[in-house]
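Enquirer: Here's a sequence, model it:
(one chain, ligands or ions: 3)
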Amino acid sequence: AKVLPKDENLAFCYSMLNRVSRSFAVVIQRLPPELRDAVCIFYLVLRALDTVEDDMAIKADVKLPLLRAFHEKIYDRSWSMNCGYGAYVDLMKRYPLVTDAFLQLKPGYQKVIADITHRMGDGMAEFIEKEVVTVRDYDLYCHYVAGLVGIGLCQLFASSQLESEDFYKMEDLANHMGLFLQKTNIIRDYLEDINEEPAPRMFWPREIWGKYAKKLDDFKGPENAQQAIGCLNELVTDALRHAPYCLQYMAKLRNPDIFRFCAIPQVMAIGTLALCYDNHKVFTGVVKMRRGETAKYVQLLGNMGDLFRAFDLFAGRLASKAARLQQTDQHAQTAHERAAELQ
Ligand SMILES: O=C(O)CO[C@@H](C(=O)O)[C@@H](OCCCCCc1ccc2ccccc2c1)C(=O)NCCCCCc1ccc2ccccc2c1
Ligand SMILES: [Mg+2]
Ligand SMILES: [Mg+2]
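Expert: Ligands and ions are numbered 1, 2, ... in the order given. This next block holds a predicted model:
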């Protein structure tokens, strides 16, 4: 096929970005021009990989080698696939347009994207047949699907020279950025994930939920509300573990547009955790931050002061919920301390 002029490939990429991503499209499009295209394409490459991972209609003997080889497919202008659902079907069918845009990126950016795609694909394959049992498995799975995104972004920031060379060697802090976001998603999406057709894939660690129920499904039953809430609160408390490292990471950023790009998803995450904590609606419906509250952050967030104020507000809500629970919930003390640490 003929290579479309660069701007038509990018036009496809940005239209796909806005179709497949509710939250990240806004913050990606407000990045400095030097980084914007690379991060947009980075998002679409990994979203395509995740579409393969998430598609339960793809059998393991096809899925496993494809996840592991995907880092080579991203250079193959003929590769596309009929899989996924909704807007993802278009992304996968017209994927060569993403490949053409990817091949027009600077080699330094291509290298970062290919390396992260390779590591994420291997990690996803490792967990296709392995259940998330221990908290260690949970942290490892979230490292593969989200921690690596933070690590790759770090390297793109350094490569763009919009942030210092130090960002090449900040894997541990960058990893926490991803774990905080991914664990928040996993906790919030309990009902959506467990009702997934044809087969649900759950990532709640058995080491935690196994103390509160025999089967994860049990939390749907109103008769198990107390146990469900206990498990939910322990998972939120575990996710809060990462927040101080996320603040440490963001304090090192110097470019205001990159700062906002990193800070807005983090504020949404702590706001979501505060909403989920001790909230039985997680098991009966959808828990989402109000659009008005999110719009405020997209506008307001400009520096560490604003970020500390936003974390302070949500951590305060979570701390006061935990304070009320201290008598009944054994983990409330830890949750209260971790939330207070953020204020
Ligand atoms: O299918 C769905 O709708 C949700 O899928 C979830 C899943 O399958 O677990 C799951 O899929 C994970 C695998 C594909 C990751 C795709 C991605 C996401 C955000 C990006 C942001 C910027 C650049 C590239 C990005 C790549 C998912 O989307 N989880 C949401 C949290 C992912 C956070 C990634 C991340 C990590 C560190 C960050 C640091 C700074 C700014 C943004 C960051 C964003
Ligand atoms: Mg997904
Ligand atoms: Mg996935």
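Enquirer: Go ahead and name everything in contact with stretch 37-45.
Expert: Residues outside stretch 37-45 that contact it (CB atoms under 8 Å, 6 or more residues apart in numbering): 10, 13-14, 16-17, 20-21, 24, 28-29, 31, 74, 91, 98, 101-102, 105-106, 109, 112-113, 116-117, 149, 152-153, 156, 160, 261. Where you see a C-beta, it was placed from the backbone N, CA and C, and this is true even at glycine.
Enquirer: Filter the residues you listed down to the buried ones.
Expert: Buried residues within these, counting neighbours by 16 or more other CB atoms under 10 Å: 10, 13-14, 16-17, 20-21, 24, 28, 31, 74, 91, 98, 101-102, 105, 109, 112-113, 116-117, 149, 152-153, 156, 160, 261.
Enquirer: Can you list which of the residues you listed are found in helices?
Expert: 10, 13-14, 16-17, 20, 24, 28, 91, 98, 101-102, 109, 112-113, 116-117, 149, 152-153, 156, 261 (DSSP state H).
Enquirer: Kindly identify which of those residues also come near ligand 1.
Expert: Restricting these to those touching ligand 1 (CB under 6 Å from any ligand atom) yields 24, 28, 149, 153, 261.
Enquirer: what's the closest of those to ligand 1?
Expert: Val149 (3.7 Å; CB to the nearest ligand atom).
Enquirer: Pretty sure the closest one sits against Ile116.
Expert: Yes: counting by CB atoms under 8 Å, Val149 touches Ile116, with 7.1 Å between them.
Enquirer: Overlap in contacts, these two.
Expert: In contact with both Val149 and Ile116: 42, 46, using CB under 8 Å, 6+ apart.
Enquirer: Give me the below-cutoff pLDDT ranges for the stretch 1-150 of the chain.
Expert: 1 (pLDDT under 70).
Enquirer: Those residues of it touching ligand 2, which are they?
Expert: Residues of the stretch 1-150 of the chain lying close to ligand 2 by CB under 5 Å from the ion are 50, 54.
Enquirer: Residue numbers of the stretch 1-150 of the chain in contact with ligand 3?
Expert: Looking at ligand 3, the residues of the stretch 1-150 of the chain close enough under CB under 5 Å from the ion are 50, 53-54.
Enquirer: what's the closest non-adjacent residue to the residue of the stretch 101-250 of the chain found nearest ligand 3?
Expert: Residue nearest to ligand 3 within the stretch 101-250 of the chain: Val145 (5.9 Å; CB to the ion). Spatial nearest neighbour of Val145, chain neighbours left out: Gln182 (6.1 Å); criterion: CB to CB, 6 or more residues apart in numbering.
Enquirer: Contact partners for the one you found?
Expert: 142, 145-147.
Enquirer: Got a quick PyMOL command for the buried subset of the residues you listed?
Expert: Listed next is the PyMOL selection for buried residues among these, using 16+ other CB under 10 Å:
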select buried, resi 142+145+146+147
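Enquirer: Pick out whichever of the contacts of Gln182 sits closest to ligand 2.
Expert: Val145 (8.0 Å).
Enquirer: coming back round to it: for ligand 1, tell me which of the residues of the stretch 1-150 of the chain next to ligand 3 show up nearby.
Expert: 50, 54.
Enquirer: Please list the residues of the chain that sit near ligand 1.
Expert: Counting by CB under 6 Å from any ligand atom, the chain sits next to ligand 1 at 24, 28, 39, 42-43, 46-47, 50, 54, 145-146, 149-150, 153, 177-178, 181-182, 185, 261-262, 265.
Enquirer: burial measure for Gly230, as a count.
Expert: Look at Gly230: counted by other CB atoms under 10 Å, it has 23 neighbours.
Enquirer: cool, and Arg291?
Expert: Neighbour tally, Arg291, other CB under 10 Å: 8.
Enquirer: And it, how far from Val132?
Expert: Counting by CB to CB, to the nearest Å, the gap from Arg291 to Val132 is 32 Å.
Enquirer: Met81 too?
Expert: Met81 is 26 Å from Val132, by CB to CB.
Enquirer: re earlier: now intersect the residues of the stretch 1-150 of the chain next to ligand 3 with the helices, please.
Expert: Using DSSP H, these in helices are 50, 53-54.
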